[in-house]
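Visitor: here is my input; please provide its structure:
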Amino acid sequence: MIKWFLVLPPAAQVTIISAVVSALIAILVAFVNPFASARLEKLKAELTADVEHIKADLAKEAAIDDARRSYEFEAKKRLYSEVEPLIFQLFEAAEGSYYRVGSLVRTHRQGHLGPEGGSWLARDGYYLRSTIYRLFLPIAIFRLLQRSATFVDIELDENIRTRYFLLKISYYALTDDFVFAALEPNLTYSPNVPDWKEKVQQNPGMYCRQGLVIGHLDRLIDALIVDERDAQRPMNYGEFEALYRENEGFQKDLAEAANLFHGFDFEGRPVLARALLAIAYAMRLLLLTYSRTPSPDELVAALEAFCHSNEAKSDLDWGSSSYGLGYRSVVNYVEERISWIASEDYDIK
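Guide: From the prediction side, this is the model:
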């Protein structure tokens, strides 16, 4: 049968072969095409659904971003309207707190501190009352910052976050008496023994309580806050003095702080001396934030430079070996807490 094909001219053979191939292809396409079309339609539907999902997700993310930006804008407006007035008062309070520690150091060097009758802190007079006011006023502002700002608010402004955590160092320093006692060189400190009232007369440095519990501290700083026309502010010293003299409830709120500093001197109460040194360092660093926004590393560098300066020695060295032996541990205490300022440590970002 194939002989007739072989005797055909080559051109005719090519024509026939092409025609047969074309016919086969047409038959194959006619057979396969319905299945391919169905597959293409299914794929098209799947791709369309995916595109719609992506568009929905993008719209949702855009809405979230818009809401976030709107919240942050309103939060910044509220933050600056409520917090900025406190920041102005804070620098005054921080300066007063730092220089009151310096005043205590100077008064100690002059021999006017201690439990004896000639001590400026041995009686309930102006120096004791003003010491309580100046040391605790920045912490009252810290409480107002807590009430005015959320964690998200603190993220929005790096400088406010830095100031917030420096104040937090001061807040906890007044409750960290056992932490300060454990710093090198260790101090023997046992204020919770049953017969402490008798033992404190022989060894106040060991048996006299040199810190506050959180409840007493919170009660004290809340007492320093005044409600005024649907707002709150720290009281001024005139208001503090008047309430201290006339209001028994106010006197009770401040009783633990009065006991803390009554008869204080740096040698007789070395644990409290370390806490005051930590507060002075934190206040000094807080004043640094007035003109710029230092990073945690810059704060550490500034503290290192300051604590080795003649100014630090003049202001804060109470003139005995206990300062030289203990100040380095207090610097380490503050520097460790400065590292907590980094927002990543609190999962803020």
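Visitor: quick one: average pLDDT of stretch 299-315?
Guide: Mean pLDDT, stretch 299-315: 95.
Visitor: check what contacts it and list those residues.
Guide: Applying Cβ atoms under 8 Å, 6 or more residues apart in numbering, the set of residues contacting stretch 299-315 from outside is 98, 101-102, 105, 162, 166, 280-281, 284-285, 288, 294, 327, 331, 334-335, 338-339, 341. (C-beta placed from N, C-alpha, C; glycine too.)
Visitor: what comes up buried for that stretch?
Guide: Residues of stretch 299-315 classed as buried by neighbour count (16 or more other Cβ atoms under 10 Å): 299, 300, 302, 303, 306, 307, 312, 315.
Visitor: and if you look at stretch 245-254?
Guide: Using 16+ other Cβ under 10 Å as the test for burial, stretch 245-254 gives 250, 253, 254.
Visitor: for residue 188, which residues are in contact?
Guide: With contact set as Cβ under 8 Å, 6+ apart, residue 188 has these partners: 181, 206.
Visitor: to clarify, my last question referred to residue 216.
Guide: 256, 257.
Visitor: where does it fall, phi/psi-wise?
Guide: The phi and psi values for residue 216, taken as degrees, to the nearest 10, are phi -70, psi -40.
Visitor: with residue 318 instead?
Guide: phi -80, psi 10.
Visitor: what about it, neighbour count?
Guide: Applying other Cβ atoms under 10 Å, we find 19 residues neighbouring residue 318.
Visitor: one step back: can you say which of the contacts of stretch 299-315 are buried?
Guide: For the contacts of stretch 299-315, buried by 16+ other Cβ under 10 Å: 98, 101-102, 105, 162, 166, 280-281, 284-285, 288, 294, 327, 331, 334, 338, 341.
Visitor: below-threshold pLDDT in the stretch 201-349 of the chain: ranges please.
Guide: 343-349 (pLDDT under 70).
Visitor: how about the helices of it, start to end?
Guide: In the stretch 201-349 of the chain, the helices defined using DSSP state H, counting those that start in this stretch lie at 204-207, 214-223, 237-246, 248-253, 255-261, 270-288, 296-307, 310-316, 321-338.
Visitor: quick one: buried residues of the third one?
Guide: To tie it back to what came earlier, the one meant is helix 237-246. Buried-residue list, helix 237-246, by 16+ other Cβ under 10 Å: 240, 243, 244.
Visitor: now the strands for this structure?
Guide: 225-228, 231-234 (DSSP state E).
Visitor: okay, those in CSV with mean neighbour count and distance to residue 176 next?
Guide: CSV is the format used below for the strands of the chain (neighbours: other Cβ atoms under 10 Å; distance: least, Cβ to Cβ, whole Å):
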stretch, mean neighbour count, distance to residue 176
strand 225-228, 12, 23
strand 231-234, 17, 23
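Visitor: export the ones you listed to a markdown table and tack on distance to residue 265?
Guide: Below are those laid out as a markdown table (distance: least, Cβ to Cβ, whole Å):
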| stretch | distance to residue 265 |
| --- | --- |
| strand 225-228 | 30 |
| strand 231-234 | 28 |
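Visitor: residue 130: which of the ones you listed is closest?
Guide: strand 231-234 (14.7 Å; Cβ to Cβ).
Visitor: need the contact partners of that closest one.
Guide: By Cβ under 8 Å, 6+ apart, strand 231-234 touches 89, 93, 137, 140, 141, 144, 147, 224, 225, 226.
Visitor: flag whichever of those residues scores worst on pLDDT.
Guide: residue 147 (81).
Visitor: before we move on, back to that, looking at the buried residues of stretch 299-315, which is nearest residue 262?
Guide: residue 315 (23.6 Å).
Visitor: so what's the residue most central in space within the chain up against?
Guide: The C-alpha lying nearest the average C-alpha coordinate of the chain belongs to residue 165 (Cα atoms, centre = their mean; 3.5 Å). Contacts for residue 165 (Cβ under 8 Å, 6+ apart) come out as 337, 338, 340, 341.
Visitor: repeat the analysis, applying 7 Å as the threshold.
Guide: 340, 341 (Cβ atoms under 7 Å, 6 or more residues apart in numbering).
Visitor: returning to that earlier point: which one of the buried residues of stretch 245-254 is nearest residue 212?
Guide: Taking Cβ to Cβ as the measure, residue 212 lies nearest residue 254 of the buried residues of stretch 245-254, at 11.1 Å.
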